[in-house]
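Chemist: Let's see this in three dimensions:
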Amino acid sequence: MLDFIYYPVSGILWVWHKVFGAIPFLGPNSGITWALSVMFLVFTLRAILYKPFVKQVRTTRQMQELQPQIKALQKKYSKDRQRMALEMQKLQKEHGFNPIMGCLPVLLQAPVFIGLFHVLRSFNRTGTGYGQLGMSVEENANTANYFFSPADVQSFLEARLFGAPISVAITTPQAQLETFGQYGTVPTVLNIAAVAIPLMVIASIATHFNSRASVARQSEAAAANPQSAIMNKLALWVFPLGVLVGGPFLMIAILLYWVANNIWTYAQQHLVFRRIDAEEEEKKKAALERRADNAPKPGARPDQAKKRKSATVAESSPDTEPADEADAGSGTAAAPGQAPKPGARPQGNRGKTTKPKRKR
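Modeler: Numbers count the residues shown, from 1 in each chain. Have a look, this model is predicted:
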């Protein structure tokens, strides 16, 4: 039903396995080869989702900036929910705000994780809880898995990371662990835990610090929101704890996905946040420069600043005639204390005619 997700995920993983498997000192059956393939599958998918993530960060910041206006609308139209919804849509449209972009990357990562979990679990279909129940080891090893041939499936089952098969979890039943004896020694729970527990701890700590970086960038108004406060606590403490609680039930390959995903998130957050901060600083500097250009000079009166500004505009206008020529052509009177221009008519009785007096 979800083959449109499973096949792309399997295809990307297949490509990276071929790339790292071609390295002479690794080989296709190496646990490091499969570990790198899983990690670079994550990096590839997250690179595809890079632009939506940047949009998410910008949307989150824009939502924080609009928070005072949103609260004002909620207070003003608290008794008219329909009018409030219309005004909220109008506000979002005016500022180009799209709330869907704020959760799009998270929504897109969910099917990716489901696809990866299904593809990796399908490599190991023997035992309770893994793929098709009742399938023997021979049947499983000779069954293709989407883009992977039966030989690739056997390679995955044979791959071990520090002695532990990457296709098993701490809680894998002992009966299933014994089936791996055909690929080498039978792994023990302690052997698996020695690899899985450090990955769980790293994933949990990385989840906490990534959440802390996101929470630290929230505005005071957003952090004071009760709903945001609850989500912050979940992100800071519950989600990292969930990795530790659920880690024993996840195969080592899935734990590698979790670690790689957190590594990418940590690097991406710092890169994007630094870039957006630099853009905000440039905008602030430009605004300050414009304000400084329009401000009056030290010691100048406000009216003098306005006159100086208007004079500058007049001088820079190409349609403005020189003052002397305009005065000469129109016959405007000279300023007090100045001699009239040559050829200028007296302006004392300009526009008035005097009639001669009649003798009586």
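Chemist: Could you use CA atoms for every contact and neighbour count after this?
Modeler: Will do.
Chemist: for the stretch 251-360 of the chain, which spans come out with low pLDDT?
Modeler: Within the stretch 251-360 of the chain, the segments meeting pLDDT under 70 span 295-360.
Chemist: and the longest helix seen in the chain, what other elements does it pack with?
Modeler: For the chain, the helix reaching the highest residue count under DSSP state H is reported as helix 252-294. Helix 252-294 sits against helix 31-48, helix 100-122, helix 189-216, with contacts defined as 3 or more Cα pairs under 8 Å, 6 or more residues apart in numbering; DSSP states H and E.
Chemist: Let me know which of these is the nearest to Glu87.
Modeler: Within these, the stretch nearest Glu87 is helix 100-122; the backing value is 17.8 Å (Cα to Cα).
Chemist: To Ala286, which of the helices and strands packed on helix 252-294 lies closest?
Modeler: Comparing those by their distance to Ala286 (Cα to Cα), the top pick is helix 189-216, with 26.2 Å.
Chemist: pLDDT on the closest one, on average?
Modeler: Helix 189-216 shows a mean pLDDT of 91.
Chemist: Also stretch 117-135?
Modeler: The model assigns stretch 117-135 a mean pLDDT of 59.
Chemist: who are the neighbours in contact with Gly181?
Modeler: Going by Cα atoms under 8 Å, 6 or more residues apart in numbering, Gly181 touches Pro187.
Chemist: same question but for Val189, I mixed them up
Modeler: Val189 sits in contact with Ile170, Thr171, where contact means Cα under 8 Å, 6+ apart.
Chemist: Equivalent analysis for the one 4 residues further on, please.
Modeler: When contacts are counted by Cα under 8 Å, 6+ apart, Ala193 is found next to Ile170.
Chemist: Now do it against Leu2, distance only.
Modeler: Noted for Ala193: a distance of 32 Å to Leu2, by Cα to Cα, to the nearest Å.
Chemist: Repeat that for Phe148.
Modeler: Where Leu2 is concerned, Phe148 sits at a distance of 17 Å (Cα to Cα).
Chemist: sorry, back to before: compare the helices and strands packed on helix 252-294 and give me the one nearest Gly246.
Modeler: Among the helices and strands packed on helix 252-294, helix 189-216 sits nearest to Gly246 (Cα to Cα), with 9.0 Å.
Chemist: Excluding chain neighbours, what is closest to Asn29?
Modeler: Of all residues not flanking Asn29 in the chain, Ser155 sits nearest, at 4.8 Å (Cα to Cα, 6 or more residues apart in numbering).
Chemist: host element of that neighbour?
Modeler: Take DSSP states H and E as the rule and Ser155 turns out to sit in helix 150-158.
Chemist: the inter-axis angle of the longest helix of the chain versus helix 31-48?
Modeler: Here the directions of helix 252-294 and helix 31-48 differ by 30 degrees (axes from the mean of the first three to the mean of the last three Cα atoms, to 10 degrees).
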